[in-house]
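Engineer: build me a structure from this.
(one chain, ligands or ions: 3)
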Amino acid sequence: MPFDNDASSSVVSLLIIEDDPRYLESTRLLLAPHIQMIDTAMTGAQALACLAQRGYDLILLDLRLPDTSGHELMAHLREHYPASRIIVLSGDNQIDSAINCIRLGAYDYLRKPCEPEELVKTVRNAAKKVRLAHDNQHMLQQIEQSEQWHRLLVNTSPDIIYTLGGDGRFTFLNERISHVLGYHPDELVGQSYEAIVPDDELENARYRLNERRTGDRSTRNVELRLKRKEDLLTGSGDTTVAVEVSATGMYRPLPDGGGEFLGTYGVARDISARKQAEATIVFQAYHDLLTGLPNRTLFNDRVGQAIAQARRHGQALAVMFLDMDRFKVVNDTLGHLVGDGLLQGMAQRLRDSLREGDTLGRIGGDEFMLLLPHVRSRDNAAFIAQKIIASLKHPFYVDGHEIYSGMSIGIAIYPDDGDTLETLVKHADLAMYHAKDHGRNDFSFFTHNLQHSLSGRLAVENDMRHALARGEFEMYYQPQVDIQSQRIRGMEALIRWHHPERGLVMPNDFIPIAEECGLIAPISEWVLETACQQAMSWRAANLAPISLGVNLSARQIEHPHFVDKFIQSLKNNGIDGQGIEIEITESTLMRDMDGAIEKLRRLADQGVEISIDDFGTGYSSLSYLKKLPVHTLKIDRSFIQYLVAPSNGSTIVAGITAMAKGLHLNVVAEGVETSSQLEYLKTVGCDAYQGYLFSRPVAACDATALLQRH
Ligand code: C2E
Ligand code: MG
Ligand code: MG
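Structural biologist: Ligands and ions are numbered 1, 2, ... in the order given. Here you go, the predicted model:
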């Protein structure tokens, strides 16, 4: 049986150390069939040289060597090659020598000369042991490797894997636990699972664990929250992680067919991402995504709850309706992204003005609602409204734009102004409209009179329908004065309404309603006609030629046949474009820039001059001015108003003027009321001004008188 393989594949190596060359060779031949790898050495030095090359499983050592004492060599081998089994061959037949050799660590001892069979048997036996040892080693390695392999599998599992003993203490945890909860497995082994279950989940967890004891061997999934380690330490922050546990009871089978409960084996999966996603979906259903504020559904729900509570405790509460002033202008001129940014900024500012417990919601484009669940008095609510308005004194900075935005706020109080959600919201809304009508950026409480004023609004609409036929409109004219020469260079036509009951109604109080209900078209026609006739009559009276400014509303310009109708109307009135100046606001232009460019070109071709009214309030980029056939910029009154006080108003006016000069545009200042304002305008090179300083808007006959005097 070659190599005595014994089904083992391991190779056994042997070094024969023998000084007699013949005996050495015969021994080698004798053992070759049984040992795969044999080296030989004839001296101690040769033996050491061989051993320096490799290790040997077996060494057959003749104690009598020419260059060294056998015992010394043996001691050396034992010390340096302890894994080698040494079989000593000795001519010494003293038993002491044999004992000495064994003591020095020899594996076996043969006396020389020895029978070949005995030598073979001894070496084979030793080789067998070696092979066995090799195989054991190999098996141990395999076991270790497979254990490592399983540990790797268990520890790299995306889930927490654990076992609990019958007493509920961890007996094993994989390393995943440290990623998910922050504990090292060793910290938890030996501890009860309760250590990582938050108090409010304990009952649930206990039930689930006990359920496993009942012999129920099914595996069931349970959602639980577990405590994180960091938070055990700090006691704050995000304290738990949601996991889905699937646990199985472990049982030792009993002879009676039952099972002894050993504990639980379980897998826990971190499901916080899924929980987060679910929470996001719920959040989205009840919140406005742009600002993160509650949406109308959630807001209404909160109001409903607050009303119920206020009713129980006999308390008051306030509902506020907040509407941004001129938000549309921002959106139209600067685009939706900037509009969105402004809304976000606004939401933040509002939040900053509130107390804990107040609910702010965004319920529409630029509409917010506010619920103050505990108001002791109206003053309380007024204070918050004032605080909000005051917080809007500072501009918003969005995408490089400085934007001022105001809020009109309407307030309704439970129970005085209504005791249901619907009435409170409706009344707050009404009050908000009232605030808007009265100058904006202000607040107003609901009063029962407001209800009548709403019907008043409808009445305005109705009355306006008859106003034209009844001749209740009148054009007033305000002179525009050249700053250098102090001569009147133009007149702006401004409409007035002589209402039979209300008296003189100003355009801001009815033009927006006319725009909404479509009456603006016939009114505009009348305005243009009246203005043209006036221009004709001044020409006929041989007064110095001046330009006549007519205000146009966005609705008019958007009309597809606006230009044709306008030119036709001029013709009908026997006038050419020369001497007519139309006034358009920036926001009107920005709504449809390309359309506006085309239309204004055609008008300009007819000799009509074009001026941008209320310039500076529309946030428009100046570059568009180059594309438009614009002749004049009218700087908005709000900038002129501040000219006396050292504020940034002055730099804006100087800036606009310088820029307009660069574009070869005329600059007209609106709303000049004091001579110091006029002085300033002179210094910055403004061309002309309008304002109470020179004259208020006046009726046609007075305007004629003014022209005659100049
Ligand atoms: P606007 O075109 O900017 O007209 C200037 C407004 O400022 C006028 O108000 C004028 O009376 C007022 N104003 C002039 N100088 C001063 C001043 O020194 N101090 C103060 N505080 N105010 C001054 P008004 O007449 O009430 O007109 C308001 C707006 O109504 C006009 O603003 C214009 O946009 C619009 N509007 C007036 N007439 C018409 C019209 O016939 N058609 C259209 N579509 N809109 C008109
Ligand atoms: Mg105007
Ligand atoms: Mg103006």
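
Engineer: run through the bridge partners of Ser192.
Structural biologist: Per DSSP bridges, the residues bridged to Ser192 are Arg169.

Engineer: show the pLDDT at Val123.
Structural biologist: Val123 carries a pLDDT score of 94 in this model.

Engineer: and what of Ile99?
Structural biologist: 79.

Engineer: ditto for Leu454
Structural biologist: 60.

Engineer: could you do the one 10 residues further on as well?
Structural biologist: In this prediction, Met464 carries a pLDDT score of 89.

Engineer: what residue in the stretch 351-500 of the chain comes nearest to ligand 2?
Structural biologist: Glu492 (5.5 Å; C-beta to the ion). C-beta coordinates here come from the backbone N, C-alpha and C atoms, glycine included.

Engineer: what are the bridge partners for that residue, then?
Structural biologist: Gln478, Gly549.

Engineer: next: the one 4 residues further on.
Structural biologist: Arg496 has the following beta-bridge partners by DSSP bridges: Glu474.

Engineer: can you give me the strands for the stretch 101-250 of the chain?
Structural biologist: 108-111, 160-165, 170-173, 220-227, 240-253 (DSSP state E, counting those that start in this stretch).

Engineer: how about the third one: buried residues?
Structural biologist: Right, strand 170-173. By neighbour count on 16 or more other C-beta atoms under 10 Å, the buried set for strand 170-173 is Phe170, Thr171, Leu173.

Engineer: and the closest residue to Leu354 other than its chain neighbours, how far is that from Met346?
Structural biologist: The shortest distance from Leu354 to any non-neighbouring residue, by C-beta to C-beta, 6 or more residues apart in numbering, is to Leu360 (6.1 Å). Per C-beta to C-beta, to the nearest Å, Leu360 is found 10 Å from Met346.

Engineer: burial measure for Leu354, as a count.
Structural biologist: 16 (other C-beta atoms under 10 Å).

Engineer: which secondary structure state is assigned to it?
Structural biologist: coil (DSSP: H, G, I helix; E, B strand; the rest coil).

Engineer: which bits of this protein sit near ligand 3?
Structural biologist: Asp613, Asp614, Glu670 (C-beta under 5 Å from the ion).

Engineer: and with 8 Å instead?
Structural biologist: Selection of the chain residues close to ligand 3 by C-beta under 8 Å from the ion yields Glu583, Thr585, Asp613, Asp614, Lys634, Asp636, Arg637, Glu670, Gly671.

Engineer: what's the farthest-apart pair in those residues?
Structural biologist: Thr585 and Gly671 (14.9 Å; C-beta to C-beta).

Engineer: higher neighbour count, these two?
Structural biologist: Neighbours were counted for Thr585 and for Gly671 using other C-beta under 10 Å; Thr585 has more, 22 against 18.

Engineer: the more buried one against Asp614, yeah?
Structural biologist: Yes: between Thr585 and Asp614 a contact is recorded at 5.1 Å, counting by C-beta atoms under 8 Å.

Engineer: any idea how far Cys532 is from the residue in the stretch 401-550 of the chain that ligand 3 sits nearest to?
Structural biologist: When scored by C-beta to the ion, the stretch 401-550 of the chain has Glu492 as its residue closest to ligand 3, at 8.5 Å. Note on Glu492: its distance to Cys532, by C-beta to C-beta, is 15 Å.

Engineer: same check on Gly168?
Structural biologist: 96 Å.

Engineer: between these two, which one's more packed in?
Structural biologist: Cys532 (22 against 17).

Engineer: so where does that one fall, helix or strand?
Structural biologist: Assigned by DSSP states H and E, Cys532 belongs to helix 520-540.

Engineer: buried set for that helix?
Structural biologist: For helix 520-540, by 16+ other C-beta under 10 Å, it's 520-521, 523-528, 530-532, 534-535, 538.

Engineer: repeat that for stretch 145-161.
Structural biologist: Asp159, Ile160, Ile161.

Engineer: the last one touches Thr264, doesn't it?
Structural biologist: No: judged on C-beta under 8 Å, Ile161 makes no contact with Thr264 at a distance of 11.7 Å.

Engineer: phi, psi of Asp613?
Structural biologist: Reported as degrees, to the nearest 10, the phi and psi values for Asp613 are phi -90, psi 160.

Engineer: tell me what it is bridged to.
Structural biologist: In beta-bridge terms (that is, DSSP bridges), Asp613 pairs with Thr585.

Engineer: again, but for Ala688
Structural biologist: Going by DSSP bridges, Ala688 forms beta bridges with Asp482, Val668.

Engineer: what's the burial count for it?
Structural biologist: Neighbours of Ala688 using other C-beta under 10 Å come to 23.

Engineer: so what's it up against?
Structural biologist: The neighbours of Ala688, taking C-beta atoms under 8 Å, 6 or more residues apart in numbering as the test, are Gln480, Val481, Asp482, Ile483, Arg489, Gly490, Asn666, Val667, Val668, Ala669.

Engineer: next: Ser84.
Structural biologist: Counting by C-beta under 8 Å, 6+ apart, Ser84 touches Leu15, Gly55, Tyr56, Asp57, Leu58, Ile59, Leu77.

Engineer: where along the stretch 601-710 of the chain do the strands fall?
Structural biologist: 609-615, 632-635, 666-669, 688-689, 698-699.

Engineer: identify whichever of those lies nearest to Trp497.
Structural biologist: Of the strands of the stretch 601-710 of the chain, the one closest to Trp497 (C-beta to C-beta) turns out to be strand 698-699, at 13.4 Å.

Engineer: wait, which of the residues of the chain next to ligand 3 is closest to Tyr286?
Structural biologist: Thr585 (38.4 Å).

Engineer: how far away is the closest one from Arg349?
Structural biologist: Distance of Thr585 to Arg349, computed by C-beta to C-beta: 26 Å.

Engineer: so what's Asn221 closest to, chain neighbours aside?
Structural biologist: Ser246 (4.8 Å).

Engineer: who touches the closest residue to ligand 1 within the stretch 151-300 of the chain in this structure?
Structural biologist: Taking C-beta to the nearest ligand atom, ligand 1 has its nearest neighbour within the stretch 151-300 of the chain at Leu290, 31.4 Å off. Listed by C-beta under 8 Å, 6+ apart, the contact set of Leu290 reads Asp340, Leu343, Gln344, Arg362.

Engineer: just say helix, strand or coil for it.
Structural biologist: Per three-state DSSP, Leu290 ends up coil.

Engineer: ok, it to ligand 3 distance?
Structural biologist: 32 Å (C-beta to the ion, to the nearest Å).

Engineer: now Arg131
Structural biologist: Using C-beta to the ion, Arg131 is found at 108 Å from ligand 3.

Engineer: pretty sure that residue sits against His34.
Structural biologist: No: taking C-beta under 8 Å as the definition, Arg131 is not a contact partner of His34, at 11.3 Å.

Engineer: point out where the stretch 601-710 of the chain drops to low pLDDT.
Structural biologist: 618-623, 644-650 (pLDDT under 70).

Engineer: for ligand 1, what are the nearby residues on it?
Structural biologist: Residues of the stretch 601-710 of the chain found near ligand 1 (C-beta under 6 Å from any ligand atom) are Asp613, Asp614, Arg637, Glu670, Gly671, Val672, Glu673, Gln690, Gly691, Tyr692, Pro697.

Engineer: now do 5 Å
Structural biologist: Neighbours of ligand 1 within the stretch 601-710 of the chain, by C-beta under 5 Å from any ligand atom: Asp613, Gly671, Glu673, Gly691, Tyr692, Pro697.

Engineer: for those residues, which one is nearest Glu474?
Structural biologist: Pro697 (10.6 Å).
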